[in-house]
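Asker: Provided below are the primary sequence and the corresponding predicted coordinates.
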Amino acid sequence: MESFHATTVIAIRHKGTVAMGGDGQVTLGDRVMKGNAVKIRRLVDGQVLAGFAGAVADAFTLFERFEGKLQEYNKNLLRAAVELGKEWRTDKYLRQLNALLAVCDAEKSLLIAGSGEIIEPEDGILAIGSGGPYALAAARMLIKHTDMNAEAVVREALMAASEICIYTNTHITVETL
């Protein structure tokens, strides 16, 4: 059975702002099933941004679990991520989930993976999904060579990815903190 997948998400810390954006394409195997999906969520009263790449239902399950961990650990992003990572890696049910989460608050940006990795990017840019590498490269160059703000960099990086990655479209959603 083929599964639904959703693709490119990028988060950037730049000029005192955190911006996270994602494209809207959802595919089933090699077919586009939806073009206007929203892959970015605000969690815990809008204080945390979360985005996903991978199987949609799996990502929603992880969003719920992660928000629960945020509430349990008093909105401490790192602690909630570590606890979710531990649970994801060791729980028989959660181990089967196929998604990556990118999460950000005012202080940190983290990638959470089911294999137990919790990664904080050293340059403040985090990109996941099939178009992630393209968006990441574009964002690094835009930050280095322009005066664009974080939101504009996210939009342009996603547009660049959409021109290269067949699983990324131009229906872009961006949220900022």
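Answerer: That came in fine, so what should we check first?

Asker: Please identify the buried residues of the longest strand along the chain?
Answerer: In the chain, taking DSSP state E as the definition, the longest strand is strand 48-55. Across strand 48-55, burial judged by 16 or more other Cβ atoms under 10 Å covers 48, 49, 50, 51, 52, 53, 54, 55. From N, CA and C alone the C-beta is placed, and that goes for glycine too.

Asker: Now do it: everything it contacts.
Answerer: Contacting residues not belonging to strand 48-55 are listed as 3-9, 11, 18, 20-22, 39-43, 59, 62-63, 66, 70, 75, 77, 97-105, 128-130, 132, 175, 177 [Cβ atoms under 8 Å, 6 or more residues apart in numbering].

Asker: again, but for stretch 111-119
Answerer: Stretch 111-119 is contacted by residues 62, 66, 78, 81-82, 84-86, 88-89, 94-95, 97-103, 110, 120-121, 126, 128 when judged by Cβ under 8 Å, 6+ apart.

Asker: now with 10 Å?
Answerer: 11, 50, 52, 54, 58, 62, 66, 78, 80-86, 88-91, 94-103, 109-110, 120-121, 126-128, 132 (Cβ atoms under 10 Å, 6 or more residues apart in numbering).

Asker: show me where pLDDT drops low in the protein?
Answerer: For the chain, the stretches flagged by pLDDT under 70 are 1-6.

Asker: all helices of the chain, in order?
Answerer: 56-72, 77-90, 132-145, 150-164 (DSSP state H).

Asker: and the last one with helix 132-145, angle?
Answerer: It refers to helix 150-164. Relative orientation of helix 150-164 and helix 132-145, computed by axes from the mean of the first three to the mean of the last three Cα atoms, to 10 degrees: 140 degrees.

Asker: can you check the second one too?
Answerer: Angle, helix 77-90 to helix 132-145, by the same axes, to 10 degrees: 160 degrees.

Asker: Pull out the buried residues from helix 77-90.
Answerer: Those would be 77, 80, 81, 82, 83, 84, 85, 88, for helix 77-90 by 16+ other Cβ under 10 Å.

Asker: Can I get those residues in a markdown table including distance to residue 152?
Answerer: Output for those, formatted as a markdown table (distance: Cβ to Cβ, whole Å):
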| residue | distance to residue 152 |
| --- | --- |
| 77 | 25 |
| 80 | 29 |
| 81 | 27 |
| 82 | 32 |
| 83 | 34 |
| 84 | 31 |
| 85 | 32 |
| 88 | 33 |
